[in-house]
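# have a look at this fold, sequence not included:
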Ligand SMILES: [Zn+2]
């Protein structure tokens, strides 16, 4: 999945779960993108120097940064910043990993090397397209409700 797809799915999910302030949506958005710091050409990876290239070269894609141990590490960091953000981290991170499970394989239990995936017998690009079409249809019918839930 691409960064914008992760952002749309995670923030829309957060809004319907009751998190709708700009700060909350910002935290969810960052949490949904942080997994992909293992790729230098990802949305967040392009903004961070050196680290994405280092991780991509050393560990590969969808390994440490898509794993449960990494989520626990992030949770410890977020806990020290603001414990109210833990659910926001979970929404962003888990939605990212679930979407990636449909379009590829993820080392959820890294450093254990087994990668997990959910195969739907169609190429990943069709899944990404289906998600975007589904979001478009959802927004077309729910934009007013969605907009009314956001606290600007
Ligand atoms: Zn990813």
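In hand now; what should we look at? Computed from a predicted model, the values in this text were never measured in an experiment.

# tell me who's in contact with residue 60.
residue 38 (CB atoms under 8 Å, 6 or more residues apart in numbering). For glycine as for every other residue, the C-beta is placed from the backbone atoms N, C-alpha and C.

# read off the pLDDT value for it.
Predicted confidence (pLDDT) for residue 60: 91.

# now do it against residue 114, distance only.
14 Å (CB to CB, to the nearest Å).

# low-scoring pLDDT stretches of the protein, where are they?
Applying pLDDT under 70 to the chain picks out no residues at all.

# kindly recompute the last result at 90.
Scanning the chain for pLDDT under 90 picks out 1, 49, 121, 124, 150-152.

# what is the helix ranked longest in it packed up against?
Longest helix of the chain, by residue count under DSSP state H: helix 124-149. The contact analysis (3 or more CB pairs under 8 Å, 6 or more residues apart in numbering; DSSP states H and E) places helix 124-149 against helix 3-16, helix 86-103.

# and residue 20, backbone torsions?
Main-chain dihedrals, residue 20, degrees, to the nearest 10: phi -140, psi 10.

# what does the chain put close to the ion?
With CB under 5 Å from the ion as the criterion, the chain comes near the ion at residues 35-36, 100.

# run the last query once more with 8 Å
Counting by CB under 8 Å from the ion, the chain comes close to the ion at 1, 6, 35-36, 38-39, 42, 61-62, 65-66, 96-97, 99-100, 104, 106.

# what sits against residue 104?
61-62, 117, 124.

# can you tell me which of these are in helices?
Within those, residues falling in helices by DSSP H are residue 124.

# ok, so of the contacts of residue 104, who is nearest the ion?
residue 62 (5.7 Å; CB to the ion).
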